[in-house]
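Asker: Mind folding the following:
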Amino acid sequence: MTTETKIVVTVAPVAVNRETAAQMVGMSVDSFELYVQPHVRLVRQGRLRLVPVAELQRWVEANAKLTIARDG
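Answerer: Below is the predicted model of the structure:
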């Protein structure tokens, strides 16, 4: 009787399709294509369009704003 050891490796994606990218930033694909896509780089391969996760993170950081003014 042999015992098999299974190794499971989870790898975070470095790029995602537009539908997943829209979900990651919490908006519809239409809103993503209108408000985000013009400001991020895409990986284009034939008809395939992938959005690098790092681009999504950069866009969110650049567009995050405080909603309440701080007393200073």
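
Asker: ok, which stretches of this structure are helices?
Answerer: Ranges of helices in the chain, per DSSP state H, are 18-25, 29-31, 53-63.

Asker: any chance of these in CSV, with mean pLDDT too?
Answerer: CSV is the format used below for these (pLDDT from 0 to 100):
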stretch, mean pLDDT
helix 18-25, 98
helix 29-31, 98
helix 53-63, 97
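
Asker: Quick check: which of those is buried the most?
Answerer: Per-stretch averages of neighbours, counted by mean count of other C-beta atoms under 10 Å, single out helix 18-25 among these, with a mean of 17. Where C-beta positions appear, they are placed from N, C-alpha and C, glycine not excepted.

Asker: helices or strands next to that one in the packing?
Answerer: When contacts are defined as 3 or more C-beta pairs under 8 Å, 6 or more residues apart in numbering; DSSP states H and E, helix 18-25 sits against helix 29-31, strand 48-52, helix 53-63.
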